[in-house]
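In: Turn this into a model:
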Amino acid sequence: MWRDVRAVVFDTDGVITDSARVHAAAWKAAFDACLRDHVPADSRLRRPFDIRDDYLRYVDGKSRLDGAASFLDSRGLTLPPGHPDDRPGTGTVAAVAAYKERIFMERLREGGIEAYPGTVRLLEALRERGVPLAAASASRHAPELLARAGVLPLFDALVDGAEAARLHLPGKPDPALFLEATRRLGVPAGQAAVVEDALAGVEAGGRGGFRLVVGVDRTAGPDTGAALLRHGADIVVRDLSELLTEDVKE
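Out: Sure, this is the predicted structure:
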């Protein structure tokens, strides 16, 4: 599996660090407030935000604005897009995204962020083998999260949400973020792997023509692994330590 892979690009939240749980909780607080302020006409769409199913389906792997718009659309809510500098609230899509951002930062200050031990072991094994590594994330917090988790020095390149905005890269499932990462590593996508936990992310890996797309199923729900495969993953694991084959260790 690894012998034809010359570089690996890792998503951040849920793949490298356990920060996905903090993101999901912050989104729930913001979306539930929005659902209270803007009650969907269809009673079937009034249920609270689900931190597993709704997060994976509509938000995970996307930029804040894209994630907010995707979930609100799924509940039949059409809010004005607003502006990037909107204050936290529920009146516009941008305000809901800002609401989530404020809560995320508050919770980030309250608790620590750690890297998954299995991921760290795989990163170290790949580095020992001389494989270039990149981290790619739609989040602007990726550099801080990786630094807090103590794994930032393991990467040769990092493309985060701020860089994506600067370069006007479209969000996942477009592969632009991952392709920029491989460009910085100097390896074509056809000789690189992508490691992702988001449906939009594995789809982006497939669209980008990557040699290998690894899906990470942290939730281990009844259909989450199958969904990752349907969206483009070549293989699905629950922890990246499962990828520590002899090919990597050699």
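In: from here on, contacts and neighbour counts on C-alpha atoms
Out: Noted.
In: what residue is smack in the middle of the protein?
Out: By Cα atoms, centre = their mean, the chain has its centre lying nearest to Gly61, at 3.2 Å.
In: Counting neighbours, what do you get for the closest residue to that residue other than its chain neighbours?
Out: Once flanking residues are discounted, Gly61 sits nearest to Ala198: 5.5 Å by Cα to Cα, 6 or more residues apart in numbering. When counting by other Cα atoms under 10 Å, one arrives at 30 neighbours for Ala198.
In: Which parts of this structure are strands?
Out: Shown for the chain, the strands assigned by DSSP state E span residues 7-11, 133-136, 157-159, 192-196, 212-216, 235-237.
In: Can I get the second one as PDB, trimmed to CA atoms?
Out: The C-alpha trace of strand 133-136 is given here as PDB (Å, rounded to 0.1, in the frame of the first residue of the first chain):
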ATOM      1  CA  LEU A 133       4.500  15.200   5.100                       C
ATOM      2  CA  ALA A 134       1.900  18.000   4.900                       C
ATOM      3  CA  ALA A 135      -1.000  19.100   7.100                       C
ATOM      4  CA  ALA A 136      -4.000  20.700   5.300                       C
END
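In: That strand - contacts with which helices or strands?
Out: Under the contact definition 3 or more Cα pairs under 8 Å, 6 or more residues apart in numbering; DSSP states H and E, strand 133-136 sits against strand 7-11, strand 157-159, helix 176-185.
In: try 6 Å this time
Out: For strand 133-136, the elements it packs on are strand 7-11, strand 157-159, judged by 3 or more Cα pairs under 6 Å, 6 or more residues apart in numbering; DSSP states H and E.
In: Would you point to the one among the ones you listed that's packed deepest?
Out: strand 7-11 (a mean of 26; mean count of other Cα atoms under 10 Å).
In: orientation of that strand relative to helix 176-185 in degrees?
Out: Put simply, strand 7-11 runs at 140 degrees to helix 176-185, going by axes from the mean of the first three to the mean of the last three Cα atoms, to 10 degrees.
In: Kind regards, and thank you for your time.
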